[in-house]
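Engineer: How does the following fold in three dimensions:
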Amino acid sequence: MSRNLTHQGEEKLVLPVRLSEIGQVPVWIEHLASRYAIPDNIQFAINLCLEEVLSNIILHGSGEQPDRTIAIHFSASGEGKFLVVVDDEAPQFNPLEQQELPALNPNEEMRVGGQGLRLLREFADALEYEPTPAGNRLKMGFSAPVLNDRSPASGS
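Structural biologist: You can find the predicted model right below:
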């Protein structure tokens, strides 16, 4: 993340590595949405992506290890851009190098799992991965359209 960005705010949530802790995320996102005017569609996208990332870290990376943590960092810029960064202590794994499963065929039986990467790519505007000495860092960018101050109702 560049220091040149003008941030309206930065927030952090640290969770023990347990599936039951993921339930804190939607409440935190609601708090962020009201504080930083995150549109509903972006709030939904952030929630969905975080649920996928966190559950995969716990189920496939770390296992439930309450002595370890996952840190979620949030920052907002004045241009309607939101950045969510997830730092974990799981073995290094770059999800962006993984092959995406073939598209679902409506004539085939629905398969469970394996759609997380597809969802991340569909709902996040930008994805970046970097290994860290302790584990992994995944950056997810979300952008809201900038609204024009001139509206037809204002008579301009």
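
Engineer: Can you get me a residue count around residue 91?
Structural biologist: 11 (other CB atoms under 10 Å). (Glycine included, C-beta is placed from N, CA and C.)

Engineer: tell me the SS of the closest residue to it other than its chain neighbours?
Structural biologist: In space, and not counting its chain neighbours, residue 91 is closest to residue 61: 6.3 Å by CB to CB, 6 or more residues apart in numbering. Three-state call for residue 61 (DSSP: H, G, I helix; E, B strand; the rest coil): helix.

Engineer: quick one, what contacts residue 61?
Structural biologist: Neighbouring residues of residue 61 by CB atoms under 8 Å, 6 or more residues apart in numbering: 88, 90, 91, 93, 135, 136.

Engineer: Would you mind writing the PyMOL command to select the buried ones in those?
Structural biologist: Restricted to buried positions by 16 or more other CB atoms under 10 Å, the PyMOL selection for the contacts of residue 61 reads:
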select buried, resi 88+90+93+135+136
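
Engineer: got the contacts of residue 61 as CSV, with distance to residue 51 and secondary structure columns?
Structural biologist: As requested, the contacts of residue 61 are arranged in CSV below (distance: CB to CB, whole Å; DSSP: H, G, I helix; E, B strand; the rest coil):
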residue, distance to residue 51, secondary structure
88, 15, strand
90, 16, coil
91, 21, coil
93, 18, coil
135, 19, coil
136, 17, strand
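
Engineer: could I get the contacts of residue 61 as a markdown table with pLDDT and distance to residue 53?
Structural biologist: Output for the contacts of residue 61, formatted as a markdown table (pLDDT from 0 to 100; distance: CB to CB, whole Å):
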| residue | pLDDT | distance to residue 53 |
| --- | --- | --- |
| 88 | 96 | 9 |
| 90 | 93 | 11 |
| 91 | 92 | 15 |
| 93 | 92 | 11 |
| 135 | 94 | 13 |
| 136 | 96 | 10 |
